[in-house]
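Colleague: could you look at this predicted model? Sequence included:
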There are 2 protein chains.
Amino acid sequence: MSKYLAITGGVGGAKLALGLSRILGPSDLGFLVNTGDDFEHLGLHVSPDIDTLMYTLSGLSNPQTGWGRVGESWNFIESLGELGGETWFKLGDRDLAVHVRRTVLLAGGERLTDVTATLFRALGVEYRTWPMSDDPVRTLIDTDAGQLSFQHYFVRERCEPAVRGFEYRGADTASAIPEFIAWMSDPDLAGVIICPSNPFLSIDPILALDGIREALMACTAPVIAVSPIVGGEAIKGPTAKIMEELDVPRDARAVAMHYRDLLDGFILDETDRRLVEPIGALGLQVAPAQSLMRTLDDKINLAHTALKLLEAC
Amino acid sequence: MSKYLAITGGVGGAKLALGLSRILGPSDLGFLVNTGDDFEHLGLHVSPDIDTLMYTLSGLSNPQTGWGRVGESWNFIESLGELGGETWFKLGDRDLAVHVRRTVLLAGGERLTDVTATLFRALGVEYRTWPMSDDPVRTLIDTDAGQLSFQHYFVRERCEPAVRGFEYRGADTASAIPEFIAWMSDPDLAGVIICPSNPFLSIDPILALDGIREALMACTAPVIAVSPIVGGEAIKGPTAKIMEELDVPRDARAVAMHYRDLLDGFILDETDRRLVEPIGALGLQVAPAQSLMRTLDDKINLAHTALKLLEAC
């Protein structure tokens, strides 16, 4: 009864999560998800990374856009625009139901953890999926255009301003949830996988929380990460651009260095084989893999590689 | 430059309002609207009577349902149901934009009066439309099934419980808005029309407010009402059923009696001509009219009758 934890943020993480879910059952696999991107918009609590995982695992994600729901309609946002409302954040009519339901349940006093479980179950997903915290943490991006909230940087400004640094506001007082702590101290825990998500925007907010980095350091099971950087570029999103702006070398080794104190193993793309040795020199087990996850088989294969590497660590 | 005020609640009132708007321009006609049906639902501020008037005057009302918007889609509410949310109040995807926009603007500290003006203008309606108050007033219905909120009685329970009485909660501390008070004391005011709305559910909440009945009693311009009861039946809605349950005679004369202390004139349906004399005996000018408003011409004709009666009073 080996148990695993996957730590994930946006689309890349959700893809590997889907692969893992085709190998491991709901009692053996838990997900810890970034909520630093959460925000209040139009009076609604939006949790983009939780929703990306939920739509991916339930088969409702939109493969064209990479966000939101498949078979979506846009009558709400069109009408809102006619009324002078904000339309830069594209809320689909069906997607909106998730945000409204979440907001109603949170307003009723439920924990985000329990609300998340309710929403996942309603869409047929039985995997434990935990927000990194029930307390609000907000990722702010210091840019050459000033400090921006995550969604203003990511959606409204399309990641164009140059990044100087990050603030994970609230992280110093937010706590990890008890379910995560219990999972981490379960003697059956066989490994932790940091998914190929943006280290600065998706994973660091999680690691900044009281109790999470400590739990990963203390845990006896191996911890591995999958590089989101392939051949010096991010598969999706602004990771490579941000590394450039922060004067960090744009390669998988820099990602391994970033997580170094937590890691026992590392997966990089097979096209980056030249980095196996330098990363191995950091004291890590390194496995090259086909890490572009276009098909479901790609996702399952990468998940298999991750589980094999955890066994070898 | 004669100015008029129409006091209105639901669908019947909105129809006459549309007729009046085809005769009088935006500087000569104001509407005072019931907000006793307003409620918080799914965290949103819903103002059903304001919206009915807005959709009617802007040409967006749905003639099939009698509520909501034309060309509506229902993906939000369908998805909300899949997530275990409340679906008894059918919110269309486009209609939802109005409630979200209103809620955002109210949360930003704007008065309902100003929010209403913003929404009407956005949909191209220039007529002054005032909520009866910026303060919350909630119509509660005492029934044989206990006290019910308006929407629970009207929508969820489909007006089935027998009515014993009403409470207009908040009316004792709510105030009329200054724009209405100014309009009522304008020397150009030429008349007030109480539209054919439900006297108990649509008009009485308005009259219960501090300053409104007084302004109508004090005003030098004539006040008339249009009967919502035709041949002992309501054209739409539970008016006749409620009169029966309250042991009030189900006819136009009982409506005239209900508003008696305010009125100078009264319009009843031409099929109720036998009541012209008994209502005249109350000291009112009485005009029979074709009061079923099926076509736009019907609405305009009834509006003309109302303006003529005001002239005669």
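Modeller: In hand now; what should we look at?
Colleague: now do the strands in the stretch 51-200 of chain A.
Modeller: Using DSSP state E, counting those that start in this stretch, the strands of the stretch 51-200 of chain A run over residues A:128-131, A:138-143, A:146-149, A:163-169, A:189-194.
Colleague: quick one: which of the ones you listed is nearest residue B:285?
Modeller: strand A:146-149 (63.0 Å; Cβ to Cβ). All C-beta spots, glycine's among them, are computed from the backbone N, C-alpha and C.
Colleague: list the buried ones in the closest one?
Modeller: By neighbour count with 16 or more other Cβ atoms under 10 Å in any protein chain shown, strand A:146-149 contains the buried residues A:148, A:149.
Colleague: and the gap between residue A:54 and residue A:206?
Modeller: As judged by Cβ to Cβ, to the nearest Å, residue A:54 and residue A:206 stand 17 Å apart.
Colleague: who has more neighbours, those two?
Modeller: Neighbour count, other Cβ atoms under 10 Å in any protein chain shown: between residue A:54 and residue A:206, residue A:206 has more, with 29 against 24.
Colleague: and that one, what element?
Modeller: Assigned by DSSP states H and E, residue A:206 falls within helix A:204-207.
Colleague: who does that helix touch, helix- and strand-wise?
Modeller: strand A:163-169, helix A:212-218 (3 or more Cβ pairs under 8 Å, 6 or more residues apart in numbering or on different chains; DSSP states H and E).
Colleague: ok, back up a step: let me have the strands of the stretch 51-200 of chain A in TSV, extended by distance to residue B:210 and mean pLDDT.
Modeller: As requested, these are exported to TSV (distance: least, Cβ to Cβ, whole Å; pLDDT from 0 to 100):
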stretch	distance to residue B:210	mean pLDDT
strand A:128-131	47	98
strand A:138-143	44	96
strand A:146-149	43	95
strand A:163-169	45	96
strand A:189-194	63	98
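Colleague: of those strands, which is nearest chain B?
Modeller: Closest of the strands of the stretch 51-200 of chain A to chain B is strand A:128-131, at 15.1 Å (criterion: Cβ to the nearest Cβ).
Colleague: how far out from the middle of the chain is the helix holding residue A:206?
Modeller: Chain-centre distance of helix A:204-207: 10 Å, with Cα atoms, centre = their mean, to the nearest Å.
Colleague: go on, stretch A:170-178?
Modeller: Centroid separation between stretch A:170-178 and its chain, computed with Cα atoms, centre = their mean, is 17 Å.
Colleague: now that stretch: average pLDDT?
Modeller: Mean pLDDT, computed over stretch A:170-178, is 96.
Colleague: what's the spacing between the closest residue to residue A:56 other than its chain neighbours and chain B?
Modeller: The shortest distance from residue A:56 to any non-neighbouring residue, by Cβ to Cβ, 6 or more residues apart in numbering or on different chains, is to residue A:14 (3.9 Å). Separation of residue A:14 from chain B (Cβ to the nearest Cβ, to the nearest Å): 19 Å.
Colleague: my guess is residue A:14 contacts residue A:8, does it?
Modeller: Yes. Between residue A:14 and residue A:8 there is a contact at 6.3 Å, judged by Cβ atoms under 8 Å.
Colleague: and the nearest residue to residue A:192 once chain neighbours are set aside, how far from residue B:172?
Modeller: Nearest residue to residue A:192, sequence neighbours excluded (Cβ to Cβ, 6+ apart): residue A:223, at 4.3 Å. Note on residue A:223: its distance to residue B:172, by Cβ to Cβ, is 64 Å.
Colleague: got the helices and strands packed on helix A:204-207 as JSON lines, with distance to residue B:234 columns?
Modeller: Shown next, in JSON lines, are the helices and strands packed on helix A:204-207 (distance: least, Cβ to Cβ, whole Å):
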{"stretch": "strand A:163-169", "distance to residue B:234": "57"}
{"stretch": "helix A:212-218", "distance to residue B:234": "63"}
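Colleague: which residue packs closest to the residue in the stretch 151-300 of chain A positioned nearest to chain B, ignoring adjacent ones?
Modeller: Closest residue of the stretch 151-300 of chain A to chain B, Cβ to the nearest Cβ: residue A:151 (16.0 Å). Among residues not flanking residue A:151 along the chain, residue A:39 sits closest, at 5.3 Å (Cβ to Cβ, 6+ apart).
Colleague: how many neighbours does that neighbour have?
Modeller: 19.
Colleague: check whether it really touches residue A:154, as I assumed.
Modeller: No. Using Cβ under 8 Å, residue A:39 is not in contact with residue A:154; the gap is 10.4 Å.
Colleague: now the end-to-end length of stretch A:275-292.
Modeller: 17 Å (Cα to Cα, to the nearest Å).
Colleague: and that stretch, average pLDDT?
Modeller: 97.
Colleague: for it, buried residues please.
Modeller: For stretch A:275-292, the neighbour count (16+ other Cβ under 10 Å) marks A:275, A:276, A:279, A:284, A:285, A:286, A:287, A:288, A:289, A:291, A:292 as buried.
Colleague: narrow those residues to those in strands?
Modeller: A:285, A:286, A:287, A:288, A:289 (DSSP state E).
Colleague: any chance of those residues in JSON lines, with distance to residue A:105 too?
Modeller: Shown next, in JSON lines, are those (distance: Cβ to Cβ, whole Å):
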{"residue": "A:285", "distance to residue A:105": "42"}
{"residue": "A:286", "distance to residue A:105": "43"}
{"residue": "A:287", "distance to residue A:105": "41"}
{"residue": "A:288", "distance to residue A:105": "44"}
{"residue": "A:289", "distance to residue A:105": "39"}
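Colleague: mind checking which of residue A:223 and residue B:172 has more residues around it?
Modeller: Applying other Cβ under 10 Å to residue A:223 and residue B:172 shows that residue A:223 carries more neighbours, namely 20 against 10.
Colleague: the more buried one: what's it in contact with?
Modeller: Residues near residue A:223 by Cβ atoms under 8 Å, 6 or more residues apart in numbering or on different chains: A:191, A:192, A:193, A:194, A:216, A:262, A:263, A:264, A:265.
Colleague: picking up where we left off before, nearest to residue B:145, of the strands of the stretch 51-200 of chain A?
Modeller: That would be strand A:128-131 among the strands of the stretch 51-200 of chain A, by Cβ to Cβ, at 40.9 Å.
Colleague: adjacent strands (with direction) for that closest one?
Modeller: According to DSSP bridges, strand A:128-131 has the following sheet partners: strand A:29-33 (parallel).
Colleague: flag every buried residue along stretch A:229-246.
Modeller: A:229, A:230, A:234, A:235, A:237, A:238, A:239, A:240, A:241, A:242, A:243, A:245.
Colleague: pLDDT wise, what is the residue nearest to residue A:151 at?
Modeller: For residue A:39, pLDDT reads 94.
Colleague: any common contacting residues for residue A:39 and residue A:154?
Modeller: Joint contacts of residue A:39 and residue A:154 (Cβ under 8 Å, 6+ apart) do not exist.
Colleague: appreciated, that's everything.
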